[in-house]
Structure formats: C-alpha cells, structure tokens
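S.K.: got a predicted structure here, sequence first:
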Amino acid sequence: MPISSHAFGAIEASAYAPEIFAQGLPGSLRQASKDEAEPIVAEGSAPLLALEDIGLSFGGVVALADVDLSVRAGEIRAIIGPNGAGKSSLINVISGVYRADRGHVQLDGARYAQVPTQQLARLGVARTFQNLALFKGLNVLDNVASGLAYRTRSNFAGQILGIGRSRREQQEQRGRADQILEFLHLTDVRERLAGTLPYGLQKRVEMARALVAEPRLLLLDEPMAGMTASEKSEMAGYVRAARDRFATTVVLIEHDVGVVMGLSDRIAVLDYGRKIADGTPDEVRNDQRVIDAYLGVASDNEDGAGI
C-alpha cells in the first residue's frame, strides 16, 4: 500500500522542520545541547513571555542590544522598526533559532538561555516565517495537518500502511485541520497543492498550520508582507479572531504601521537593535524617537516627548 501524502508530510515535518531554518547559521549560533535546552530556573507568576537583557551580535555587527520585552497572556504584541532594526533576529531568539550572546528568554515561568526548537510545539509555541515555509508539493489539508506531526505516536510501519493507531491519528489530525481551514475560510482550496495558490492564500495556509495545534503563543513574522490592502485587512481580522477564539497570545512583526496601530494592544519599537519605545499605539505614534527613526533624522527633543 503506498505511503499517503499526509503520512509523508507528517514524517517530514516531524523529522526536519525545526532544523530547516537553522541551517547555514554561523557557528556561534549553534543549537543548544541537551543540557542547555533545559529550563535554567523555574519561576512563579510571570508574563507568558519575557525577554531579559537580550544581546546578539553577528561578528562585529550588533543585531540586538539589551532588549527587554514582556508579553501578557491574551494580548497582540507588535514589534516594529525600520529595515535592519533587529525585528526578525528577536523572533529568532524567542523561537530558539538563534542563541542570544547574553540574556534569557522566559516562557511561561521558565528561563532559557536558548529556547529548544525541537520542543517548541510542546511548549505551546508556533510561528510563521518571513519567507514562506510550506510543503509546496503537498495539498493544503496535509500542510495544515503537518502542524500536528509532533503529536504522532504511531510507528513508521503504521504510517506506511495506514493502519491501527496511525489511521486514527490521521483522521484526528485531518479533522482538526479541517476545522482550522473553515475558520480561515480555506475549505474551498483544501485539496489544492499549496504551491499553486496565490501568495496571499499561501500566507494564510501557513498561519493555519501554525494555529492548528492551538498554541498559547503565536509568533508571526511579517504575515502580511507582499499582500494587497484588502488582503492585509482580512489577515488582520484573522489574527484578531484567532486571539479571541483560541485565547492565543500573538507576537507580531509587520512593516505596515497603519495595520499594526489598528491591530495591536501594545507596540515595541526597535532601531539599530535597541528598543527605543514601548507602549500603546497612541503612545508610540506620538513618540518623537519613533518619528525620528522612521524619518531617519535626529531629534533635538532629548526627552522624547510627543509632537
């Protein structure tokens, strides 16, 4: 009996997905060893996510400098800044793709020098990527179901033959995937190969794959990049609906400041790897340091008051 596309996709995602995005990184950004992957300190009540004095450099280039950030459960937390400000580097530190040179990531009360990428799903964390990371040769349903591959308990033979526990797991995973496809209005394209879809729909499929396991923390790296205005509006609605329906905490990187201002509860602003502002959308839009960073000018207003 031939291997089903879903079984192959689940095996591929389970075995390789965490490593795909770490290939080619500098040696200093190695994956944590087994010992390093364990929480350093278990703490009590705390924000769902907190970054403590994060510093990261690539050779002599400073990507992040002494960045602190807290994320409350249930909020949509945006990170914005000009090109090269360190936004994607910060997401990569949060998700364990990069190991910070100094500082710690605190996730649900546990502190890590490097978050273990191979345990992200079990820690309740999912993410999308700035560049699409779909299995373009699989259909939409199997792409989304692959987000549940970490839950697979059946053996390889069972997956090949599609019998016993493997069949039950596939049915459960496909059923859950169908629910998310309906939620994101993707049911009509469930059987289409992901690589044949328009770019905006591919971005939505990637979000569906991240959401299928109902993560507590969803990291979205430029989910609206390259979209039309109407597609951005739709995606913003889906992000808000995901937070409301699944109680998912969202950390969002996005270049469209107008979208961010209307979507986010709080916004942190990076410039040259440093956090220069942090607050509500109204506080951030009136912060002179933010205005200067986006305009590329230096302010005479030393205290950073709004204009």
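M.R.: Arrived safely.
S.K.: is it true that residue 226 touches residue 232?
M.R.: No - when contacts are counted by Cβ atoms under 8 Å, residue 226 is not listed as touching residue 232 (9.7 Å). Every C-beta, even on glycine, is put in place using the N, C-alpha and C of the backbone.
S.K.: higher neighbour count, the two?
M.R.: Each of residue 226 and residue 232 has its neighbours counted (other Cβ atoms under 10 Å); residue 232 has more, 20 against 12.
S.K.: would you mind writing the CA trace of stretch 224-238 as PDB?
M.R.: Coordinates of each C-alpha in stretch 224-238 appear next as PDB, following Å, rounded to 0.1, in the frame of the first residue of the first chain:
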ATOM      1  CA  MET A 224       1.100  40.500   5.600                       C
ATOM      2  CA  ALA A 225       4.300  41.100   3.600                       C
ATOM      3  CA  GLY A 226       3.500  41.400  -0.100                       C
ATOM      4  CA  MET A 227      -0.200  41.500   0.300                       C
ATOM      5  CA  THR A 228      -2.700  43.900  -1.200                       C
ATOM      6  CA  ALA A 229      -4.500  46.300   1.100                       C
ATOM      7  CA  SER A 230      -7.700  44.100   1.100                       C
ATOM      8  CA  GLU A 231      -5.600  41.000   1.900                       C
ATOM      9  CA  LYS A 232      -3.900  42.800   4.800                       C
ATOM     10  CA  SER A 233      -7.300  43.800   6.200                       C
ATOM     11  CA  GLU A 234      -8.500  40.200   6.000                       C
ATOM     12  CA  MET A 235      -5.400  38.900   7.600                       C
ATOM     13  CA  ALA A 236      -5.600  41.400  10.400                       C
ATOM     14  CA  GLY A 237      -9.100  40.200  11.100                       C
ATOM     15  CA  TYR A 238      -8.000  36.600  11.200                       C
END
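S.K.: where's it relative to the chain centroid, distance-wise?
M.R.: 17 Å (Cα atoms, centre = their mean, to the nearest Å).
S.K.: can you list the weak-confidence ranges in the stretch 151-300 of the chain?
M.R.: For the stretch 151-300 of the chain, the stretches with pLDDT under 70 are 151-167, 296-300.
S.K.: can you pull out the strands in it?
M.R.: With DSSP state E, counting those that start in this stretch, the ranges of strands along the stretch 151-300 of the chain come out as 217-221, 249-253, 266-271, 274-279.
S.K.: which SS state does the closest residue to residue 264 other than its chain neighbours fall under?
M.R.: Residue nearest to residue 264 in three dimensions, not counting chain neighbours: residue 78, with 3.9 Å by Cβ to Cβ, 6 or more residues apart in numbering. Residue 78 falls in the strand class when you classify it by DSSP: H, G, I helix; E, B strand; the rest coil.
S.K.: who's in contact with residue 78?
M.R.: With contact taken as Cβ atoms under 8 Å, 6 or more residues apart in numbering, residue 78 is in contact with 251-254, 260, 263-264, 266-268.
S.K.: of those residues, which is the nearest to residue 87?
M.R.: residue 253 (4.7 Å; Cβ to Cβ).
S.K.: excluding chain neighbours, what is closest to that closest one?
M.R.: In space, residue 253 is closest to residue 87, 4.7 Å off (Cβ to Cβ, 6+ apart).
S.K.: so the one you found sits against residue 254, correct?
M.R.: No - look at residue 87 against residue 254 with Cβ under 8 Å: they stay out of range, at 9.1 Å.
S.K.: between those two, which contacts overlap?
M.R.: Shared contacts of residue 87 and residue 254 (Cβ under 8 Å, 6+ apart): residue 80.
S.K.: in space, what's closest to residue 257 - neighbours in sequence excluded?
M.R.: Nearest to residue 257 is residue 80, by Cβ to Cβ, 6+ apart, at 6.2 Å.
S.K.: quick check: the one you found touching residue 270?
M.R.: Yes - Residue 80 is within contact range of residue 270, at 7.5 Å (criterion: Cβ under 8 Å).
S.K.: hey, what's in contact with both of the two?
M.R.: Both residue 80 and residue 270 are in contact with residue 87, where contact means Cβ under 8 Å, 6+ apart.
S.K.: in the sheet, who's paired with the residue nearest to residue 257?
M.R.: Beta-bridge partners recorded for residue 80 (DSSP bridges): residue 269.
S.K.: and for residue 57?
M.R.: residue 62.
S.K.: just checking, it touches residue 63?
M.R.: Yes - the criterion here is Cβ under 8 Å, and residue 57 meets it with residue 63 at 6.2 Å.
S.K.: neighbour count for the two, which is higher?
M.R.: Neighbour totals were compared for residue 57 and residue 63, and residue 63 leads with 24 against 16 (other Cβ under 10 Å).
S.K.: so who does the more buried one touch?
M.R.: 56-57, 86, 89, 273.
S.K.: cutoff 10 Å now
M.R.: Contacts for residue 63 (Cβ atoms under 10 Å, 6 or more residues apart in numbering) come out as 54-57, 84-86, 88-90, 92-93, 98, 100-101, 270, 272-273.
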